[in-house]
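Participant: return a 3D structure for these sequence lines:
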Amino acid sequence: MRGLEADVTIKPAGWISFRETYSTVFGKLTDGTYLPLIPADKISSNVHIELTSWKSFRSPYFEISADASLRKTRLGENETSLPGYVLFNAFIGFDLRFESQLLNVSIACNNILNKVYIDFMSRLKNFTVTYNDEIFHANNMGRNIVFAVKIPFKLSY
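Facilitator: Next comes the predicted model:
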């Protein structure tokens, strides 16, 4: 087995950064056949923007990303390939000071375009059901919106 994960971050100004990530894994047996259950190659692109604090909003940020999973071509025994896909995501967040306590508030939307896809590593990818002459697949999660409030605390001794 061998693999590669490359990560490049470019920060042309103090308020914006670009991040590119690529990962791949190769696995072969001694007879030259590929190992099963190896993930497909993945590429991720992110743009992160940090704004200056405004009124009670401290360290506001905005991030958009695209996560691409390429078509799996190095198949192990009894594996079937699936098409590649691209998911778009967006995140926004800021810190709020509530008296002496800091609160981190964030909203994330994963798979903004509600792309229908099946990840190659899904254990249910070959599971289908027929109902009223229509075939249904075990797709991965669609659009997902997460609202989070984090309350950091410190332990002191």
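Participant: which strand residues bridge residue 145?
Facilitator: Counting by DSSP bridges, residue 145 forms beta bridges with residue 109.
Participant: and it, how many neighbours?
Facilitator: Neighbour count of residue 145, defined by other Cβ atoms under 10 Å: 11. Bear in mind the C-beta positions are built from the backbone N, C-alpha and C, glycine included.
Participant: looks like it contacts residue 108 (just checking).
Facilitator: Yes. Counting by Cβ atoms under 8 Å, residue 145 does reach residue 108; the two are 7.2 Å apart.
Participant: tell me which stretches of this structure form strands.
Facilitator: Taking DSSP state E to define them, one finds strands in the chain at 2-13, 16-26, 42-50, 57-69, 85-98, 101-110, 128-131, 134-137, 144-150.
Participant: among these, which is nearest residue 121?
Facilitator: Residue 121 lies closest to strand 57-69 among the strands of the chain, at 9.2 Å (Cβ to Cβ).
Participant: and the contacts of the closest one?
Facilitator: Residues from elsewhere that reach strand 57-69 (Cβ atoms under 8 Å, 6 or more residues apart in numbering): 40-51, 53-54, 84-97, 102, 117, 119-120.
Participant: hmm, which of those are the buried ones?
Facilitator: Among the contacts of strand 57-69, those classed as buried by 16 or more other Cβ atoms under 10 Å are 40-44, 46, 48, 84-85, 87, 89, 91, 93-95, 117, 119-120.
Participant: any idea which residue is closest to the centre of this protein?
Facilitator: Note on the chain: the residue nearest the mean C-alpha position is residue 67, at 5.7 Å, using Cα atoms, centre = their mean.
Participant: measure that one to residue 34 for me?
Facilitator: Per Cβ to Cβ, to the nearest Å, residue 67 is found 24 Å from residue 34.
Participant: next: residue 103.
Facilitator: 48 Å.
Participant: now residue 13
Facilitator: Distance, residue 13 to residue 34, by Cβ to Cβ: 44 Å.
Participant: perfect, I'm done here.
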